[in-house]
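Undergrad: Need a 3D model of the following:
(one chain, ligands or ions: 2)
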Amino acid sequence: MANLLDVVDIEVAYGPIKAVKRISFYVRAGELVTIIGANGAGKTSTLNAIMGLEPLAHGSIRYKGADLGKIPVEKRAVLGMGVSPEGRRIFGDLTVRENLIAGGITLSSSLCLDRIESVVGRFPILAERIQQTAGTLSGGEQQMLAIARALMIAPEFLILDEPSLGLAPKIVSQVFELIHQLNQEGMTVLLVEQNVRKSLAIADRAYVMELGNIVREGSAEDMSSDQKIHESYLGAA
Ligand SMILES: Nc1ncnc2c1ncn2[C@@H]1O[C@H](COP(=O)(O)OP(=O)(O)OP(=O)(O)O)[C@@H](O)[C@H]1O
Ligand SMILES: [Mg+2]
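TA: Ligands and ions are numbered 1, 2, ... in the order given. You can find the predicted model right below:
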């Protein structure tokens, strides 16, 4: 089967700093793929390049065979790509409901309303707080909202940048359960996470980034039992 996403030899540079150094990887339809790596490894830069938020200094990215370089950023939602960005980026002055509407901006108004219903069905806490100003939500609730907003377009391909960052352990488990469930329902997921243990537990395959390079790739199962991965990312346990 053809890959859903093909990242080929991409470089992302900030002036003289090469944050991503000609890396290549792929995501097949239906897979949950995780990118792990230390702070500054280039994970967010890679995701931003896929979303068209950073220009490519080299290489190309294909989604369902189409060159994303030729497709404007705002059209990527229409292609079926949804993103929950690093740091949540919700609209703090808007209500939960208005944030969700913003996520469904490309939809007809009746479909948008239907989707709000189905999305908050997954997040009972958001249903309770639907009229609350998003900036007053707790960190965990804001993270839920960021994911819920990405789900408004019912994406075929969901990109998540550190969805569990700063959350209490119980909420972290809930977020991972949700991601796992979305993938089980058929959604393709590209997940960047600091929580390597939980990511590998739900992923099919993993890539390890270091200083802008992909230094390891393999099945999540192999990675979980790999001594070097344990020493570098999973601590002594
Ligand atoms: N806008 C920018 N301008 C200059 N340098 C940047 C910019 N964004 C990122 N960088 C640099 O690029 C490198 C990769 O950053 P990136 O945010 O992609 O890493 P990351 O793997 O997502 O890290 P983290 O786990 O901390 O989120 C870092 O050295 C960072 O300082
Ligand atoms: Mg990052």
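
Undergrad: Quick check: residues of the chain near ligand 1?
TA: With CB under 6 Å from any ligand atom as the criterion, the chain comes near ligand 1 at residues 14, 17, 19, 37, 39, 40, 41, 42, 43, 44, 45, 86. (Each C-beta comes from the backbone N, C-alpha and C, glycine too.)

Undergrad: ok, of those, which one's closest to residue 102?
TA: residue 86 (18.0 Å; CB to CB).

Undergrad: Kindly reformat the residues of the chain next to ligand 1 as CSV containing secondary structure.
TA: Output for the residues of the chain next to ligand 1, formatted as CSV (DSSP: H, G, I helix; E, B strand; the rest coil):
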residue, secondary structure
14, strand
17, strand
19, strand
37, strand
39, coil
40, coil
41, coil
42, coil
43, helix
44, helix
45, helix
86, coil
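
Undergrad: Just the buried ones from the residues you listed?
TA: Neighbour counting with 16 or more other CB atoms under 10 Å marks 19, 37, 41, 42, 43, 44, 45, 86 as buried within these.

Undergrad: Now render those as JSON lines, adding pLDDT.
TA: Below are these laid out as JSON lines (pLDDT from 0 to 100):
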{"residue": "19", "pLDDT": "98"}
{"residue": "37", "pLDDT": "93"}
{"residue": "41", "pLDDT": "96"}
{"residue": "42", "pLDDT": "97"}
{"residue": "43", "pLDDT": "97"}
{"residue": "44", "pLDDT": "97"}
{"residue": "45", "pLDDT": "97"}
{"residue": "86", "pLDDT": "87"}
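
Undergrad: Buried residues of the lengthiest helix in the chain, list them for me.
TA: Identified as the longest helix of the chain according to DSSP state H is helix 169-184. By neighbour count on 16+ other CB under 10 Å, the buried set for helix 169-184 is 171, 172, 174, 175, 176, 178, 179, 180, 182, 183.
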